[in-house]
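Asks: based on what follows, work out the 3D shape:
(4 chains)
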Number of protein chains: 4
Amino acid sequence: MSRLCKAAVMPAPGVMPEVRTYCVAEPEPGAVLLKTLASEVYGTDVHLWHGRLSGVPYPLIPGHVSVGVIESTGGIVTDIDGSPFAPGDVVTFLDVIGTCNSCWYCLVGRASTRCPHRKVYGITLAAGDDSGLSGGWSEYIYLRPGTKILRLPCNVSPDSWIGGGCGLPTAAHAIELARIGLGDRVLIQGSGPVGLSCAALALLSGAGWVGMIGAPQARLKAATRFGVDFTIDLENSSIDSRKVSILDATGGRGPDIVIEASGNPRAIVEGCELVRDAGRYIVVGQYTDNGEIELNPHLHINRKHLEIRGCWGSDFSHVHRAIEIQSRFGSRIDWSQLITRRYGLDQVEAALRDVEAGRVVKAVVIPD
Amino acid sequence: MSRLCKAAVMPAPGVMPEVRTYCVAEPEPGAVLLKTLASEVYGTDVHLWHGRLSGVPYPLIPGHVSVGVIESTGGIVTDIDGSPFAPGDVVTFLDVIGTCNSCWYCLVGRASTRCPHRKVYGITLAAGDDSGLSGGWSEYIYLRPGTKILRLPCNVSPDSWIGGGCGLPTAAHAIELARIGLGDRVLIQGSGPVGLSCAALALLSGAGWVGMIGAPQARLKAATRFGVDFTIDLENSSIDSRKVSILDATGGRGPDIVIEASGNPRAIVEGCELVRDAGRYIVVGQYTDNGEIELNPHLHINRKHLEIRGCWGSDFSHVHRAIEIQSRFGSRIDWSQLITRRYGLDQVEAALRDVEAGRVVKAVVIPD
Amino acid sequence: MSRLCKAAVMPAPGVMPEVRTYCVAEPEPGAVLLKTLASEVYGTDVHLWHGRLSGVPYPLIPGHVSVGVIESTGGIVTDIDGSPFAPGDVVTFLDVIGTCNSCWYCLVGRASTRCPHRKVYGITLAAGDDSGLSGGWSEYIYLRPGTKILRLPCNVSPDSWIGGGCGLPTAAHAIELARIGLGDRVLIQGSGPVGLSCAALALLSGAGWVGMIGAPQARLKAATRFGVDFTIDLENSSIDSRKVSILDATGGRGPDIVIEASGNPRAIVEGCELVRDAGRYIVVGQYTDNGEIELNPHLHINRKHLEIRGCWGSDFSHVHRAIEIQSRFGSRIDWSQLITRRYGLDQVEAALRDVEAGRVVKAVVIPD
Amino acid sequence: MSRLCKAAVMPAPGVMPEVRTYCVAEPEPGAVLLKTLASEVYGTDVHLWHGRLSGVPYPLIPGHVSVGVIESTGGIVTDIDGSPFAPGDVVTFLDVIGTCNSCWYCLVGRASTRCPHRKVYGITLAAGDDSGLSGGWSEYIYLRPGTKILRLPCNVSPDSWIGGGCGLPTAAHAIELARIGLGDRVLIQGSGPVGLSCAALALLSGAGWVGMIGAPQARLKAATRFGVDFTIDLENSSIDSRKVSILDATGGRGPDIVIEASGNPRAIVEGCELVRDAGRYIVVGQYTDNGEIELNPHLHINRKHLEIRGCWGSDFSHVHRAIEIQSRFGSRIDWSQLITRRYGLDQVEAALRDVEAGRVVKAVVIPD
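Replies: Below you'll find the predicted structure:
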């Protein structure tokens, strides 16, 4: 009855994660208890470890994107089509909970990713309270009432889903803003999980050419396997040589659309330089504050007649679409191949170090 | 037959303008000879005087936005509705000529203001060649075949039109990109001709609140006369005090839309700070290169979920719309009141100095 | 404690409304008890009376758009900015309740007005259950938990708000879809409450010309008082004469945008005929099924390169915007003048007959 | 010098086409003489034959979409990138000439496909005048100055291009209006050349499901070879059975987007029925007037919250994009397989009869 489970916990900023034991609560009405199959180790988790994010309630069980099997539900809990979940269902969930649908951003601004009431599993939901199994680095996850849960169809494997991870819905949002037309030339800056998924989705959207600037080579090779036409190794090129190459590859005009998914502020100036006049520039990679860059607003914005779209987070529709994309295009794009290594709960420190050093494309925690 | 006329000419970069005499050519087929009623002195003209723009064919007759009376036409020349022009018609014209409708930007990119073949009366058309009366600081203007000429309806006076000047179609373009919804809060940065017209058009578009940051007081007073709700004197305020005031005036969220029309690169960072999350920022004032600014892409673009639109130039539709706007709303917004002073051809140096020093809102050359 | 109140009730389809007495429940947590100041009598209410709508739970207290004073709240209930409501506050509320934010239409389709779980005060919420004061034809309205309540600012009078009524937010939605540019020519078909508000909002949006086809004369005069440029009396004109007049008034091309707000299916063909090639046609008036019309898809849709937008219902943002519009533009557009007559609870039958006969622009119930 | 060539000519409405001999003029400056490789026989040509289109200048050389080899140019004639054409280049051209870039539709309405000055090769350009080889059913085509000519890259064969024919750029326009998001469900009504290309482009755009209603089986099989998920034979199904099938295949909601490419007016009502609430309906197939249909504006437009977009013609950008699409995706979609049969100039009557009877997917004229 009173089951126990293990979870990897970050006790405090700057402290090594450790494995702790928790009681597993039976789900209250509307809640769901999930047996974790896999959870992600993400760049964000490195920031959490080092205490670089504010508003984080330590001790924390990290792991915001996860996949699992339903163990039990608190009464009838349904998906968006009204179909009830049952034990044994393989599901994922929107890591964001508490988008209020009552504030100005939700109701008037139509920008629910800026809702001030939203909380994120594995980041801003604390491990300490009653229903505290709120991150994926745990044998069980307690999905509170109101969590948006989505079924994985049988042709989307847990490996595929976790291989896409947080980066895939984020990329779905960026691609939505990018409004790619058939034949458009699209350049991706950055070869991490978001960049790789952006490249995949640009290809699937009918882009006429997809290029990528990134590093290291292992990631660029993954991009090439996805079908990316042209890659440039950031570490073995200069800003000038990249410009020459990109212009050359895009008929001298530059890409119609550039998507920044690098996290490096300096990419912004280069992106503004590379995108063609009257093109579109999507900035989705700047998730943490890495300082300022020097931008020339005459050359880079006004004279270019440029459209720039910042892209923050993702909402339910992007996760929903991401599942449909994997179901549809799994044979063309194999997201599971992005998983470089799997770690047990007692190996998350190694996982964090591997992610921090860029030694892996995607690190995954397998809790059992 | 072989008429003579006077024009104010910039002989070379850095050299004082002087009045010269030209032969007036009879219009070739498709061309129109215009007797100038008024022409503008613009910030751009100050740059031309100092030789700050490249690709300018000196000696140059400046004056890119002008209004005049048709003297004669080279055969039948018609407006966009096919109605022929006749001597005595009061007209203006799109200062841009030669947009090719044959290049990638015209035909595929749908960004004709980035067409590389376009030339601009008073800026990139030389005074020296046969049909060289190609600027408005002249008793006559020779409108080459292909020039897009527009009739002023009788309720749009030449003073109104030249009071709006180049700034009004530019603002019409910026407002088109701004997509103002009824009740939206709109902040204008800059109180020059473009900024004032942006404010007027935001008011006419049903904005719920229009604020302006600018200087000097004379311009802010013109804004207030237009109906602007709230002005801040740039010269008597700090960046922090402005932020407090603007947030306070916009319910704590910041304006939904900010339009930069200042020409000052530092305005960009402040604009990104002020606009609300998931808002829209139009950059229309950075027409010359005034250097770089330090921008934080995490805070100012990505996390803000911001849309930024650079806006370059204007096309025929904006001039056409500008005339319709003046015809419709002339009783609410009196653009002629923006004219601070009128100058003869022999006074253009004083006009340039007044514009450079910001002593006038709008300086106008009356050639006769 | 156990207060009583009177309400006008429709007992069953086709049966005359009668005044009944109800117990007033104290608000449960999250609910609000409202003392009604005024409520609307709308065309929909005539349909409810005759039993023309399906899914209506008789006995029913009609009155879906209302304004009142807060009597008491069940604990702390806040507006979208988190500010708590207090007894004495003058408020209105979104008549739609129960938009689920959990279904495909809410979360993926971004079309919450098509959410199948939404209920409407005065239409689909029954009078019979515990918190049954769910329509505005009642001394009190019981606002259930989750009702979206909005404060009226002091410069928006209850008369203004109820004068705008259901038609104003609906028009705000239609105008949002219409995307009016400055100077655009806009024709409104229909001069009922929705049509009049569409005309007002088109004027406030900077339309260059606003025309209206409608009847009877009293309504067209209200339109003219709002500032509409051109009206045609539907009852004293033929379809051919209207076409000639409208083309003549719009430079021979037809209006850029036509908004149908007539409820008459035959208006659709005429609207398609009148709108210019490559124009936009908003269909917002067809709220009940009045049968079929004969449309020529070659002439009316394909060859016209026409954009047609059906517009169903309104959401919170439109009500929010409507309040801001009345607050901002109340001195230009006086919605209270649309109120033709006020009725007590015992006079609602007369009100229904007046609305049905088109003898009033706007009929209002004053319950006390 | 004074070369002769043969062309198939329609002498007058209702008269059988016959082969005539013409003098081949040397190209004037800006013109290009093209040796025809292949030209299309299209449904429009059947209408031309029967005299169903107005404004057609008989005698006429039909054939509006063609591919050929440049024989000679009148001086330097360049593509949109400024690169000059040379004899031996394999090219196609925009069938529309004379889009004026001077009228309201071109300059203000941004709807150049509604420009009243445009003429179409093979339809509204007469065979009788000096440069009269103005259709593709001819050994040579005289491309007048101003014709927009496009190079075929080496990986786009003349067979591919003519297999796509007029339908591919038309479909590119329709798909642009359709704004397909990744995973969207798209239904195509009609299996002719436009419908098949719409299906191909929907697949390439990342649609999550593409269905087609059409006939006969040969065309549906071509669709299946393209990758269409689901086809329904129009001739062996009822409107009710189709509705059940389509709802079933789209999760009970209906397709997100429906594209009508059938030419049958009755398809419009069915399309409105099938598309999901708040979906999008593109009407591109109604190129000739086939009468009226009975539409219920309440059910089909207003309550559906439907967006309907009529789509007329295509412009240069669509042809340009079509070439890029074939170059990019030729290995996935083989347009050349749409060619069912090839005809000599003396067989065009058989071609017209085959097209009229629907015995071929695509009929092609090979003039030599």
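
Asks: C-alpha only now, for contacts and for neighbours.
Replies: Fine.

Asks: and the contacts of stretch A:38-46?
Replies: A:62-68, A:136-137, A:158-159, A:162, A:165-166, A:351-352, A:355-356, A:362-367 (C-alpha atoms under 8 Å, 6 or more residues apart in numbering or on different chains).

Asks: pLDDT (mean, whole number) over that stretch?
Replies: Mean per-residue pLDDT for stretch A:38-46: 93.

Asks: start to end distance for that stretch?
Replies: 18 Å (C-alpha to C-alpha, to the nearest Å).

Asks: who does the strand ranked longest in chain A pair up with?
Replies: As assigned by DSSP state E, the longest strand anywhere in chain A is strand A:32-41. Sheet pairing for strand A:32-41, assigned by DSSP bridges, gives strand A:66-73 (antiparallel), strand A:140-143 (antiparallel), strand A:362-365 (antiparallel).

Asks: of those, which is nearest residue C:230?
Replies: strand A:140-143 (59.7 Å; C-alpha to C-alpha).

Asks: now do the closest one: everything it contacts.
Replies: Against strand A:140-143 from outside (C-alpha under 8 Å, 6+ apart): A:5, A:24-25, A:27, A:31-36, A:131-135.

Asks: which of the residues you listed scores worst on pLDDT?
Replies: Ranking the contacts of strand A:140-143 by pLDDT puts residue A:131 at the bottom, with 65.

Asks: break chain A into its domains for me.
Replies: Using automatic domain parsing, the domain parsing of chain A gives A:4-155+A:330-365, A:167-310.

Asks: pull up the residues of the stretch 51-200 of chain A that are close to chain B.
Replies: Neighbours of chain B within the stretch 51-200 of chain A, by C-alpha under 8 Å from any C-alpha of the partner chain: A:109, A:111, A:114.

Asks: which one of the residues you listed has the most neighbours?
Replies: Using other C-alpha atoms under 10 Å in any protein chain shown as the neighbour criterion, residue A:114 leads these with 20 neighbours.

Asks: for that one, which non-adjacent residue is closest in space?
Replies: Leaving aside its chain neighbours, residue A:114 sits nearest to residue A:105 (6.3 Å; criterion: C-alpha to C-alpha, 6 or more residues apart in numbering or on different chains).

Asks: where's the nearest residue to residue A:254 once chain neighbours are set aside relative to residue A:251, distance?
Replies: Excluding its sequence neighbours, the residue lying closest to residue A:254 (C-alpha to C-alpha, 6+ apart) is residue A:276, at 4.5 Å. As judged by C-alpha to C-alpha, residue A:276 and residue A:251 stand 10 Å apart.

Asks: helices along the stretch 251-368 of chain A, start to end?
Replies: A:266-274, A:297, A:316-329, A:348-356 (DSSP state H, counting those that start in this stretch).

Asks: buried deepest among these, which one?
Replies: Mean neighbour count (mean count of other C-alpha atoms under 10 Å in any protein chain shown) peaks for helix A:297 among these, with a mean of 30.

Asks: how about it and chain B, any contact?
Replies: Yes: if you take C-alpha under 8 Å from any C-alpha as the test, helix A:297 does meet chain B, through residue A:297.

Asks: which residue does the stretch 101-250 of chain A have closest to chain B?
Replies: residue A:111 (6.4 Å; C-alpha to the nearest C-alpha).

Asks: and stretch A:135-154, how far apart are its ends?
Replies: Start and end residues of stretch A:135-154 are separated by 24 Å (C-alpha to C-alpha).

Asks: write out the residues of the stretch 251-368 of chain A neighbouring chain B.
Replies: A:265, A:268, A:277-278, A:283-299, A:301-312.

Asks: in strands only, show me those.
Replies: Among these, the members found in strands (DSSP E) are A:283, A:293-295, A:307-310.

Asks: before we move on, back to that, and the strands paired with strand A:32-41 as CSV, adding mean pLDDT and mean neighbour count?
Replies: CSV is the format used below for those (pLDDT from 0 to 100; neighbours: other C-alpha atoms under 10 Å in any protein chain shown):
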stretch, mean pLDDT, mean neighbour count
strand A:66-73, 98, 23
strand A:140-143, 96, 27
strand A:362-365, 96, 26
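
Asks: who in chain A is up against chain C?
Replies: Residues of chain A lying near chain C (C-alpha under 8 Å from any C-alpha): A:80-82, A:101-104, A:107-108, A:148, A:316-317, A:320.

Asks: just those residues: which are in helices?
Replies: The members of the residues of chain A next to chain C that map onto helices under DSSP state H are A:104, A:107, A:316-317, A:320.

Asks: near chain D, which residues of the stretch 201-350 of chain A are found?
Replies: Residues of the stretch 201-350 of chain A lying near chain D (C-alpha under 8 Å from any C-alpha): A:201, A:204-206, A:208, A:321, A:324-325, A:328.

Asks: quick one: which of the residues you listed is nearest to chain C?
Replies: residue A:321 (8.4 Å).

Asks: coming back round to it: once you drop chain neighbours, what's closest to the residue of the stretch 101-250 of chain A closest to chain B?
Replies: Here the residue nearest residue A:111, using C-alpha to C-alpha, 6+ apart, is residue A:105, at 5.3 Å.

Asks: ok, the one you found - contacts?
Replies: Neighbouring residues of residue A:105 by C-alpha under 8 Å, 6+ apart: A:111-112, A:114-115.

Asks: recalculate using a threshold of 10 Å.
Replies: A:99, A:111-116, B:277-278, C:80-81 (C-alpha atoms under 10 Å, 6 or more residues apart in numbering or on different chains).

Asks: quick check, pLDDT for it.
Replies: Taking residue A:105 on its own, its pLDDT is 94.

Asks: related to what we said a few turns ago, after the longest strand of chain A comes which helix or strand?
Replies: helix A:43-49 (DSSP states H and E).

Asks: if we can go back for a sec, closest one to residue C:10 among the helices of the stretch 251-368 of chain A?
Replies: Nearest to residue C:10, of these and by C-alpha to C-alpha, is helix A:316-329 at 41.2 Å.

Asks: for the closest one, output the C-alpha coordinates as CSV.
Replies: Output of helix A:316-329 as CSV, limited to C-alpha atoms (Å, rounded to 0.1, in the frame of the first residue of the first chain):
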residue,chain,number,x,y,z
PHE,A,316,0.1,22.0,-25.2
SER,A,317,-0.4,22.3,-28.9
HIS,A,318,3.3,22.0,-29.6
VAL,A,319,3.5,18.8,-27.6
HIS,A,320,0.4,17.4,-29.3
ARG,A,321,1.8,18.3,-32.7
ALA,A,322,5.2,16.8,-31.7
ILE,A,323,3.6,13.4,-31.1
GLU,A,324,1.7,13.6,-34.4
ILE,A,325,5.0,14.4,-36.1
GLN,A,326,6.8,11.5,-34.6
SER,A,327,3.9,9.2,-35.4
ARG,A,328,3.8,10.4,-39.0
PHE,A,329,7.5,10.8,-39.8
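
Asks: who does that helix touch, helix- and strand-wise?
Replies: strand A:90-93, strand A:149-151, helix A:158-164, helix A:167-178, helix A:193-204, helix C:104-107 (3 or more C-alpha pairs under 10 Å, 6 or more residues apart in numbering or on different chains; DSSP states H and E).
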